[in-house]
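S.K.: Quick check, what structure comes out for this input:
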Amino acid sequence: HVQLVESGGGSVQAGGSLRLSCVTSEYIGNSYCMAWFRQAPGKQREGVGGIDGDDFTKYPDSMMARFIISRDNSANTLFLQMSNLEPEDTAMYYCAARVGPIVSSPTRWNYWGQGTQVTVS
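M.R.: Presented below is the predicted three-dimensional model:
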């Protein structure tokens, strides 16, 4: 059972940047896709972007150019570099993993972390 632990959240002013990390409990290599999701109070969980085993990345159009996902399999770590943050980016950010292609529906991801809070003011 893969465990995921996020870190790097915090409070930042609008226009600032943050880098989130997600460490897996074991080496999952290229057979897993990984992704970041976020959920603001009263809203549905939404995808921020994903990365597959070939390091192909996929983002919703609204996240393009501001959010960058990368992974370091040797360190069992997924990253999310966020720039030019806006108050609307305030949410709990979660990393997720699944075997198979990147999909947008959160229900199709098998493993989740506990989340890290990002607050933009």
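
S.K.: Listing request: residues of this structure with sub-threshold pLDDT.
M.R.: The chain contains residues with pLDDT under 70 at 64.

S.K.: can you give me the strands in it?
M.R.: 4-7, 10-12, 18-24, 32-39, 46-51, 57-58, 67-72, 77-82, 91-99, 111-112, 116-120 (DSSP state E).

S.K.: who touches the first one?
M.R.: When you say that, I think you mean strand 4-7. With contact meaning C-beta atoms under 8 Å, 6 or more residues apart in numbering, strand 4-7 is reached by 20-25, 93-97, 111-116. The way it works is simple: take the backbone N, C-alpha and C, and place the C-beta from them, glycine included.

S.K.: from those, which would you call buried?
M.R.: Neighbour counting by 16 or more other C-beta atoms under 10 Å classes 20-24, 93-97, 111-113, 115-116 among the contacts of strand 4-7 as buried.

S.K.: Tell me the one among those residues nearest to Ala40.
M.R.: Tyr93 (10.3 Å; C-beta to C-beta).

S.K.: Report the contact partners of Arg38.
M.R.: Counting by C-beta under 8 Å, 6+ apart, Arg38 touches Arg45, Glu46, Val48, Asp89, Ala91, Met92, Tyr93, Tyr94, Val118.

S.K.: And the residue nearest to it when sequence neighbours are not counted, how far from Gln39?
M.R.: Nearest non-adjacent residue to Arg38, counting by C-beta to C-beta, 6 or more residues apart in numbering: Ala91, 3.9 Å away. From Ala91 across to Gln39, the span is 6 Å (C-beta to C-beta, to the nearest Å).

S.K.: Cool, thanks, talk later.
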